[in-house]
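**Student:** Here is my input, please return the structure:
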Amino acid sequence: MARDDVADDGPPAKKARPTSVEDVVVERAGQGAAAMKSGRGALTLEEIAGDKLTQLAIKHWSEAARQQEQPPAFSPQLVEQIYRQELGGGQTRPPLLRRIMLLEVSQYLEGYLWPNFDPVTSSDGHVMSMLIMVNEKFRETVPPWTAFHTHKDVFPAFFQRVLALRTPAARAQLAQHESTAYLLFMINAFQSLEDEMVRAQVLKLVSLPLWHGLSHGRLQLELAAQPALAKRWKALLKKEAKAAAAAAAKKQQQQPAGDQDAAAATAQPKELPRAEAAFLPGMLQEFLHCLRTADAKLTGQSPPAAAVTAAAAADPAADADDEDDEDAAADGSAAAADAAANGHQQPATAAGGQQQRQQRRKPGRVGKRLLVHLERFVEFLIDLLSQLPTRRFVHAVVEDQQLLVKARRSVLYSSPEGHLFRQLLDLLNFYCDFPLNDHTGEQLKEEDVVGQHYDKVCQVQRLFFKHWPQLRDLALANCAAACDPAGLKRALQGLSQDELRDLVCKQLRLVGQDDPWAQDHDFLLDVVVTAYQRRASQRAAINAMPLYPTEGLLWDATQIPTAAYSGERPLALPKLNLQFLSPSDYLLRNFHLFRLEAAYEVREDIEVRGDCMGCWGLQLHSTRFWKW
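**Tutor:** Here you go, the predicted structure:
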């Protein structure tokens, strides 16, 4: 296609390259209606001063308003209004970033939300507004927890309200982007373990009660390997049983006298389910359900009907809106641009909006918001496994769910849209296999890792020799042949479905017997192969890396982001924080980041030299140079 600004015998009109952050801000501020529609342009002083949110801030939560003799009374209706109109509450589309930035500039969290928070009377919209504002502070690298330290005694109750959003009734009211904002808040909270106030709350979610989510077989293996934890587990069960009995007695006392005899005859104390124990297992199930939904979209099938997650409970119209924000910007009008500039969202009519969504639906694609949610959850697991205080009990739960095997068997994993998803899973696999004792924090040497692996292989060979005559050849083979993926899978394929399920679930205890995936023969084969194949050492992986950055790495925006990166999606990079697994882990993270920083400088040099040479594309796979 011919271009209007390109002559047939000359180079294209070249735009001045920004040389500083100020140039980028000025350029974004001058993008006009397109920036208004996307909501990602830089805020100017004129826009801040003339916006309705600024006027509300001056009237209700500014410093001058709070210092009046009669400060304005708190209005829960105003919080709900801002949440619905500006923060995307109950809407199918996420909020505009410019609106959140404007609320952060006006100190909405520290001036209005947190001082007026009440653990009993505050609405879920009030809590979600606080989560979104905390996420924005993290994005802008502003100290996020400073405001909460003014009322430390209220923070535990606030965190309990945050956990209450995980109940099925509350989850059903959240749209996809609200669930992602909730997940991002938990990521930021677990990255703030240096704050004592936050650490005291989040570590409850990854403590010993988390093992209630383990299958029975895996729980017995873990307790047998840690006798000290077995004593703590018995004490925990007694404590929970006593609390359940006390709660049942209290409930019986509150019943009328005529119903007490019938209730006493049928009352049996049950273990009270703890919100902390059900938090991570519930999120794992939600992730798997979202993954099945993504696979159904890629294959053109109907999504699963089980309403387990917020993704399933969200508005069905959100699926059609999940494609790209540019779709809405392309078919908008000047009125839509003005509405976006003022923070208003364009509601679609019931009939016309649904028809437009069906026309924009692109079969065979995963919605952008669903994909971001899946990527954020993998990032969340990486953060949990890459810190010693959170890894101890989480590692067993993730392995028991066989999350990596299930994710790698998904259609999304092998699709072009799952590029970042694959990279994050590889990073998760690295931390799952990190040579470390989860309970003592001691790093294992390479010879210790190899020795443990061969002991495990010899143990399963003895099992084959004693109980499985059809696997006698595999039992008598050497360890290298027994852990070879191809040979192991070829030998196990001779077993029937019931025999393989008994081997994997009852004897090896790699998968829970009540796991629905245990009915899949190929899944069970992959689980056994993954559990017993030999891992490559970290030294071998580093030695296999190329000396110079490759073309794929140089222009991979998921590892080397560009200047336009807004933080909407995660990066497949190790994080530098105050928590590390070992000195080796600290050195490896710095090595990878230094390597990517060097690749970024190489890419910058190539781009500068390309500008000097005046290279521009004529057509596909054709480049022309018009100057030295």
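**Student:** Residue 624: which element?
**Tutor:** Using DSSP states H and E, residue 624 sits within strand 622-625.
**Student:** what mean pLDDT does that strand have?
**Tutor:** The average pLDDT for strand 622-625 rounds to 73.
**Student:** what lines up beside that strand in the sheet?
**Tutor:** strand 615-619 (antiparallel) (DSSP bridges).
**Student:** returning to that earlier point: put the alpha carbons of the strand holding residue 624 into PDB.
**Tutor:** Taking Å, rounded to 0.1, in the frame of the first residue of the first chain, the C-alpha atoms of strand 622-625 are listed here in PDB:
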ATOM      1  CA  SER A 622      12.900  -5.300   1.900                       C
ATOM      2  CA  THR A 623      15.000  -2.500   3.400                       C
ATOM      3  CA  ARG A 624      16.500   0.600   1.800                       C
ATOM      4  CA  PHE A 625      19.300   2.800   3.100                       C
END
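**Student:** What residues of that strand count as buried?
**Tutor:** Using 16 or more other CB atoms under 10 Å as the test for burial, strand 622-625 gives no buried residues. In this view, the C-beta of every residue, glycine as well, is placed from N, C-alpha and C.
**Student:** now do stretch 52-63
**Tutor:** By 16+ other CB under 10 Å, the buried positions in stretch 52-63 come out as 53, 54, 56, 57, 60, 61, 62.
**Student:** same question, stretch 216-228
**Tutor:** Within stretch 216-228, judged by 16+ other CB under 10 Å, the buried ones are 217, 218, 219, 221, 222, 223.
**Student:** what sits against the fourth one?
**Tutor:** Yep, that's residue 221 we're talking about. By CB atoms under 8 Å, 6 or more residues apart in numbering, the residues touching residue 221 are residue 509.
**Student:** Check which helix or strand it maps to.
**Tutor:** Using DSSP H and E, residue 221 falls within helix 216-225.
**Student:** now that helix: how far from the chain's centre is it?
**Tutor:** Per CA atoms, centre = their mean, to the nearest Å, the displacement of helix 216-225 from the mean C-alpha position of its chain is 28 Å.
**Student:** ok, now stretch 294-304?
**Tutor:** 21 Å.
**Student:** Likewise for stretch 284-293?
**Tutor:** So, by CA atoms, centre = their mean, the centroid of stretch 284-293 is 12 Å from its chain's centroid.
**Student:** returning to that earlier point: next SSE after the helix holding residue 221?
**Tutor:** helix 227-254.
**Student:** and that next one with helix 216-225, angle?
**Tutor:** Angle between the axes of helix 227-254 and helix 216-225 is 130 degrees (criterion: axes from the mean of the first three to the mean of the last three CA atoms, to 10 degrees).
**Student:** buried residues in helix 227-254?
**Tutor:** For helix 227-254, by 16+ other CB under 10 Å, it's 229, 233, 236, 240, 244, 248.
**Student:** Show the average pLDDT along that helix.
**Tutor:** Mean pLDDT, helix 227-254: 87.
**Student:** and what of stretch 469-486?
**Tutor:** Mean pLDDT, computed over stretch 469-486, is 90.
**Student:** Show residues contacting that stretch.
**Tutor:** Contacts of stretch 469-486 (CB under 8 Å, 6+ apart): 453-454, 457-458, 460-462, 464-465, 468, 487-488, 491-492, 494-495, 529, 532-534.
**Student:** Mind checking which of those residues are buried?
**Tutor:** Of those, these count as buried by 16+ other CB under 10 Å: 453, 457, 460-461, 464, 468, 487-488, 491-492, 495, 529, 532.
**Student:** and those, which of them are in strands?
**Tutor:** With DSSP state E as the criterion, strands contain none of those.
**Student:** Those: which two are farthest apart?
**Tutor:** 453 and 495 (23.2 Å; CB to CB).
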